[in-house]
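# Build me a structure from this.
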Amino acid sequence: ECQMVIRHFFNNSGIYCINVSMANDVSLAATSAKVNVSMGSGLPSSGPVVMLLSVLVLALAVGIVAY
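This is a model prediction of the structure:
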C-alpha cells in the first residue's frame, strides 16, 4: 500500500501550480495541476480541496503503475 499526503496553507488568493513526481531505480512518473485558491469570508470553497485530492489520487495511480 502506498499513501502520500500533501498539506499546504495558502496565505493569498491566486492560481498555484502543483507538481508531483515519483521515481525508483527504473522509472519516473510525473503529474501537475493548477489550483485556483479563492480567499473569501466564511467557509472555504470545496473546489481546491477536490482538485488537490484528485491530483493526489492521480499521482498515486501513476506511482503504482510506475512501480
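# From here on, just use CA atoms for contacts and neighbour counts.
Fine.
# For V55, list the residues it contacts.
T31, S32, A33 (CA atoms under 8 Å, 6 or more residues apart in numbering).
# could I get those as a markdown table with distance to L60 and pLDDT?
What follows is those, written out as a markdown table (distance: CA to CA, whole Å; pLDDT from 0 to 100):
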| residue | distance to L60 | pLDDT |
| --- | --- | --- |
| T31 | 10 | 81 |
| S32 | 13 | 84 |
| A33 | 14 | 84 |
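# Now, of those, which are buried?
Neighbour counting by 16 or more other CA atoms under 10 Å classes none of the contacts of V55 as buried.
# where in the chain is pLDDT low?
For the chain, applying pLDDT under 70 flags the ranges 1-3, 41-47, 66-67.
# circling back to that earlier point, could you export the contacts of V55 to JSON lines, including columns for secondary structure and distance to L52?
As requested, the contacts of V55 are exported to JSON lines (DSSP: H, G, I helix; E, B strand; the rest coil; distance: CA to CA, whole Å):
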{"residue": "T31", "secondary structure": "strand", "distance to L52": "12"}
{"residue": "S32", "secondary structure": "strand", "distance to L52": "10"}
{"residue": "A33", "secondary structure": "strand", "distance to L52": "8"}
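# Name the nearest of those residues relative to L58.
Nearest to L58 among these is T31, at 7.8 Å by CA to CA.
# Distance from the chain centre to stretch 13-26, please.
With CA atoms, centre = their mean, to the nearest Å as the basis, stretch 13-26 stands 7 Å off its chain's centre.
# actually stretch 30-40, sorry about that
8 Å.
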